[in-house]
Every structure is written in structure tokens, then in C-alpha cells.
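In: Return a 3D structure for these sequence lines:
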Amino acid sequence: MAVEHPWPPLDQGRALHLDETGSTNSEAMRLAGEGAPSGTWVIADRQTAGRGRSGRAWVSPAGNFHASVILRNVSPLETAAQLALVSGVALHAAVVASTKGSLTQPLELKWPNDILLGRLKLGGILVESSVSRRGHSALAVVGIGLNLAHHPEFADRPATDLSAHGASIAPLNFLPSLDRSMQEWISNWASGDGFGTVREAWLARSLPLGTRLTVNAGQDIVTGVFAGLDPVGALLLMSPSGALQTVTFGDVALTG
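Out: Residues are numbered from 1 along each chain as shown. Below is the predicted model:
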């Protein structure tokens, strides 16, 4: 596999814990530029400039989980986009393990990078990458935000947190569980060679097929029902006319 793996134990200097940073993704990219190895985590109690997809601000108070991990030598380049799905499966598994089956609402993945609890946003994933000088591989940073103790109040993006569902987890206690899960699923993925396994696992944890969705892809807004993932991880959406559409980019919202 191309991604450097396995990683040394987490307690051997592989995690940088900060009281505060602008963005864990930015800090992880900076460390990667200085030679930090694959598997290095940056975790912060607070972010002052946390961000999600499409440049949105990510509300990052103390008590929630904000962390990013460095992945080196991701190749071929076209598989880097699959890291959001790989990380989604790993995050879902880590939440289930950490809550020990205590959640009474469904925990589901929404394409491409959200985890929902009772259809409310619990967390998200931001994958950023840069291409090597030779252009054959990518350095990727996977940022993960999870609402453990607090959640923002946005009318257009309803959210929740684990404490609202009776689960109390400290961010530093969640990191080892997520680290183990990330290693397992990155190994299963093997830079795309094992994506079929990841795809099957993602679909088993996703919103049900037939869920009504709206996709905002900039100038185009498409509605339909969730029809699965294609073989490389793009969203399949069935339109009201019955036509099957492949979606590779866009903000996805539940409809109704």
C-alpha cells in the first residue's frame, strides 16, 4: 500500500496537544512541511479559525473534539478523495466503540463527509491535500470535528452533540479509539485497492437507500433519492424521473 503504515504507538510522540490553534488542519500541514511522519495527530482544545467544507467556519469550543492526522504518500492521486469515506467509516466505528452501544438514535453517515445522530449533524471531516513535487503522490491531512459536549445552533444545519444523548467523552480519551479505527480502515482501504470493502462498510452505516436528498453543486441544485455509491465513491442519486445521476461534488442536505 502507498500510505505509510503501520504507525508507531500513539504515546511515542505521535500526537501534538495544543490548548488553542487557528486550525488543526493548518497546523498539521505546517508540521508535515517540516517532515512530520504519517500518523502524526494535532489535537486542540479550541480552534479560533476552524473550517469545514466550502470554507464554512467550524465552531470549535473546548469540550468538543478537533483533531487532524497526517497521511503521506497517498497514491494514486485520484484515490485521495476516498479518504473522506474511509475516515467516515473509522469515525463511525470509534463513536460506537466509545459510547458502548448506549445511543438510542441512529448513527449514520451522509455523503461525503458528515456523521449524523438522529438525523442531526454530530460531526464532519475535512480532507485537504497537496501534490508531491514529482506529481505522483499526495500529502493528505484529514481533519475531524466531533460535537462531544456542545453543538452550534444553525437553523439551516441542525446539529447535536453526544452529551445531549447521555454520552460523556473527553476529547483526549476519544483520540486513541479514533486512532485505532483510522489505522484499521486505512489498512483496509490500501490506497484504493480495498475500496470495495470500505464502500460496503460505508453503505452499511449510511442513511438508508431511498432517503430524499438535495445536492447544491454551485450553480446546479439537484433533488432525488439516495441510491448508493458508485465503484469509486461518488454519490448515486435517482431523480424524480427515475434517471440515475452520479454526483462527485456538492453540499448534500436531507429533504423533508
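In: Now do the domain split for the protein, please.
Out: With domains defined by automatic domain parsing, the chain comprises 15-205, 212-254.
In: Residue 7: which of the ones you listed is closest?
Out: Taking C-beta to C-beta as the criterion, domain 15-205 is the member of these that comes nearest to residue 7, at 3.2 Å. Using the backbone N, CA and C atoms, a C-beta is placed for each residue, glycine as well.
In: that older thread, just the domains of the chain: most buried one?
Out: Using mean count of other C-beta atoms under 10 Å, the stretch among these with the greatest mean number of neighbours is domain 15-205 (a mean of 19).
In: all helices of this protein, in order?
Out: 24-33, 83-99, 171-189, 195-205 (DSSP state H).
In: Among these, which comes closest to residue 108?
Out: Nearest of the helices of the chain to residue 108, taken as C-beta to C-beta: helix 195-205 at 6.6 Å.
In: Just want the angle from the closest one to helix 171-189.
Out: 130 degrees (axes from the mean of the first three to the mean of the last three C-alpha atoms, to 10 degrees).
In: Could you give the average pLDDT over helix 195-205?
Out: For helix 195-205, mean pLDDT is 97.
In: Alpha carbons only: can I get it in PDB?
Out: In PDB, the C-alpha atoms belonging to helix 195-205 read as follows (Å, rounded to 0.1, in the frame of the first residue of the first chain):
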ATOM      1  CA  PHE A 195     -12.100   0.400  -1.600                       C
ATOM      2  CA  GLY A 196     -14.800  -2.200  -2.200                       C
ATOM      3  CA  THR A 197     -14.500  -3.200   1.400                       C
ATOM      4  CA  VAL A 198     -14.700   0.400   2.500                       C
ATOM      5  CA  ARG A 199     -17.700   1.100   0.200                       C
ATOM      6  CA  GLU A 200     -19.600  -1.900   1.600                       C
ATOM      7  CA  ALA A 201     -18.900  -0.700   5.200                       C
ATOM      8  CA  TRP A 202     -19.800   2.900   4.400                       C
ATOM      9  CA  LEU A 203     -23.100   1.800   2.900                       C
ATOM     10  CA  ALA A 204     -23.900  -0.300   6.000                       C
ATOM     11  CA  ARG A 205     -23.500   2.800   8.100                       C
END
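In: Centre of the chain to it, how far?
Out: Distance, stretch centre to chain centre, for helix 195-205: 14 Å (C-alpha atoms, centre = their mean, to the nearest Å).
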